[in-house]
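Asks: Below are the sequence and a predicted model for it; my questions follow.
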Amino acid sequence: MLSRDRRSGYRVPLELFLNQYVGDRLVRGLTANIGPTGLYLQTARPLRSQLPAADVVGLEFELPGTGEVIWARGEICYASGDAYAMKSGIRFTGMASLHARLLRDFCVEARHQHLSSLLQGIRAPGAGRAPSRYGSAPGLAAS
């Protein structure tokens with residue numbers, strides 16, 4: 001069965017600790033990925049026995065290399081867990097404009113670096129591939 005991804009944006013892999021606030025309760029979590037529209041969060045234990053899809057949480061985290069603490073409000077769109085761990089997909093619903101811009105720029109740069117490294121792997125001569133008998137495509141020759 002195929003899983004349907006309902007995200008409106010892309011995500012970049014990023015593991016960082018953050019603070020999640022549910023009501024007046026602080027829960028430390030670890031992200032698996034982040035994007036301009038949300039993140040995937042893992043916490044040590046379930047916050048409650050069942051989390052409805054509309055739960056609103058507060059988030060506090062620092063993006064690597066920015067020195068800025070990002071504050072955001074989010075809606076839990078996906079939640080699963082067991083007795084030991086809780087996994088949540090969270091969509092950002094509120095964030096200061098400056099923080100949203102920092103997050104977007106961070107994600108664009110991380111994605112650009114990832115795509116550049118993939119392109120370098122394609123351009124690298126002798127990367128485990130047999131040479132093509134048709135030559136190389138224009139613009140893909142190693143410099």
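Replies: Yes, it's here. Residues are numbered from 1 along each chain as shown.
Asks: Ser117 belongs to a strand, doesn't it?
Replies: No: applying DSSP: H, G, I helix; E, B strand; the rest coil, one finds Ser117 to be helix, outside a strand.
Asks: Give me the distance between it and Ala110.
Replies: For Ser117, the distance to Ala110 equals 11 Å [CB to CB, to the nearest Å]. Bear in mind the C-beta positions are built from the backbone N, C-alpha and C, glycine included.
Asks: so Gly81 touches Gln42, yeah?
Replies: No: with contact defined as CB atoms under 8 Å, Gly81 does not reach Gln42; the gap is 9.2 Å.
Asks: Now list whatever residues contact both of those two.
Replies: Residues touching both Gly81 and Gln42 (CB atoms under 8 Å, 6 or more residues apart in numbering) are Lys87.
Asks: More neighbours: Ser117 and Ala110, which one.
Replies: Ala110 (19 against 9; other CB atoms under 10 Å).
Asks: Show me the helices in the chain, by range?
Replies: Secondary structure of the chain (DSSP state H): helices located at 97-123.
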